[in-house]
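1. okay, here's the prediction I keep looking at, along with the sequence it came from:
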Amino acid sequence: MTSIAFDPISTDAYTGAPATEKRVLLLKPRGFCAGVVRAIDIVKIALETFGAPIYVRREIVHNRYVVNELAEKGAIFVHEIDDVPDGQRVIYSAHGVSPAVRERSKGRNLRVIDATCPLVTKVHIEAVKFAKQGYSLVLVGHRDHDEIEGTFGEAPDVTQIVSSPEEVATLEVPDPNRVAYLTQTTLSLDEARDIIQALKIKFPNIAGPHSQDICYATENRQTAVRNVAHQADLVLVVGSTNSSNSNRLVEVSRNLGTIGYLIDNSTAIDPKWLENVQNVAVTAGASAPEILVEDVVNYLRQNGFGSVEEIEVMPENVRFGLPPEIVQAIGGAGGGQPVPVH
Ligand code: 0CH
Ligand code: SF4
């Protein structure tokens with residue numbers, strides 16, 4: 001169970017002034033996770049070390065601001081490996097790639113830097129392990145999402161994707177006693193639980209990951225919204241529309257009966273949303289930078305929300321090491337293993 005560190009005397013988190021009536025409840029943890037920090041660092045270091053252009057397959061993370069900022073520094077975002085000129089450097093996004101993409105890069109003689117989040121790689125390793133052991137795989141996630149495309153590609157012949165409990169009913173496998181499930185890292189905890197429950201009813205002997213595939217950052221941000229949504233009249237989630245984990249935060253709020261909106265920045269706020277609103281909770285998806293949260297909070301301040309209270313639902317101190325390609329390039333030590341920092 002999580003605890004809420006709530007300042008008993010309402011004070012402004014930025015100025016320390018006594019709170020006025022209309023409040024911003026700033027959720028913590030919010031925003032960048034360890035995998036996103038690592039992925040963005042990889043692109044920045046690659047640009048500084050090797051110089052532009054550096055190609056990046058797909059959006060490094062699903063955030064418009066981040067992608068635009070890196071593009072201005074010289075990163076060239078492409079959809080597919082075929083869009084990268086022969087022999088150039090290419091970075092794989094945090095969402096991971098399929099073995100077919102890796103093969104394609106080899107065939108094109110590209111110099112690859114892998115920014116796949118270690119927690120996504122963990123799911124790929126599980127997929128390979130189960131497939132080698134002869135399991136049929138059920139991948140719980142959103143079709144057409146970059147991460148699911150990559151994980152699916154580890155064992156496409158034995159993997160089926162499901163996105164809802166209803167779809168579980170349609171699954172057909174050669175041996176119902178030899179089925180395993182895996183999930184996307186950025187799903188709704190509630191939705192994933194319902195789908196896994198349906199899978200367990202259909203396949204009572206189904207195997208699964210040792211610990212769940214939904215990552216710590218996805219879980220923590222959803223838990224923060226779940227804990228605080230009842231105190232708010234409105235929840236604003238900073239994040240881009242193609243960000244799965246950001247969309248899930250809006251869903252958590254709406255499922256609890258609190259109106260929620262996904263916004264890229266303050267310009268997306270409709271002033272009508274703030275009418276008759278006393279408390280507005282603000283959070284951010286794992287790919288949304290803090291500068292955009294500050295922009296939203298400043299907008300709210302200028303529109304009558306005089307108090308900003310930061311509510312820390314749980315501490316979060318995770319860091320991941322850089323991949324060997326980058327460590328070697330900068331002449332340092334370390335590797336791609338997750339490094340939890342407490
Ligand atoms: O939430 P999704 O997976 O759409 O991705 P994002 O918004 O780029 O957040 C970072 C997660 C990257 C891979 O798990
Ligand atoms: Fe990794 Fe989770 Fe962040 Fe995705 S959301 S990059 S899995 S830590």
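-> Happy to help now that I have it. Numbers count the residues shown, from 1 in each chain. Ligands and ions are numbered 1, 2, ... in the order given.

2. which parts of the stretch 101-250 of the chain are strands?
-> Along the stretch 101-250 of the chain, the segments classed as strands by DSSP state E, counting those that start in this stretch run 111-114, 136-140, 159-162, 179-183, 234-238.

3. neighbouring contacts of the first one?
-> The contact list for strand 111-114 (Cβ atoms under 8 Å, 6 or more residues apart in numbering) reads 42, 46, 87-92, 102, 105, 323, 325-326, 336. In short, each C-beta sits where N, CA and C put it, glycine included.

4. got the residues of the stretch 1-150 of the chain near ligand 2?
-> Contacts of the stretch 1-150 of the chain with ligand 2, taken as Cβ under 6 Å from any ligand atom, map to Cys33, Ala34, Gly35, Val36, Ala94, Cys117, Leu119, Val120.

5. quick one: secondary structure of the fifth one?
-> Ala94 carries the three-state label coil when classified by DSSP: H, G, I helix; E, B strand; the rest coil.

6. isn't it right up against Pro118?
-> No - using Cβ atoms under 8 Å, Ala94 is not in contact with Pro118; the gap is 10.0 Å.

7. sorry, back to before: so of the residues of the stretch 1-150 of the chain next to ligand 2, which ones are in helices?
-> Members of those lying in helices (criterion: DSSP state H): Ala34, Gly35, Val36, Leu119, Val120.

8. quick check: residues of the stretch 1-150 of the chain near ligand 1?
-> Gly35, Val36, Val61, His62, Ala94, His95, Cys117, Val120, Glu147.

9. and if we set it to 8 Å?
-> With Cβ under 8 Å from any ligand atom as the criterion, the stretch 1-150 of the chain comes near ligand 1 at residues 33, 35-36, 39, 59-63, 93-96, 117, 119-120, 145-147.

10. looking at the strands of the stretch 101-250 of the chain, which one is packed in the most?
-> strand 234-238 (a mean of 27; mean count of other Cβ atoms under 10 Å).

11. hmm, who's touching that one?
-> Contacts for strand 234-238 (Cβ under 8 Å, 6+ apart): 30-31, 225, 229, 246, 249-250, 253, 258-265, 269, 273-274, 277, 279-285, 288, 292-293, 296.
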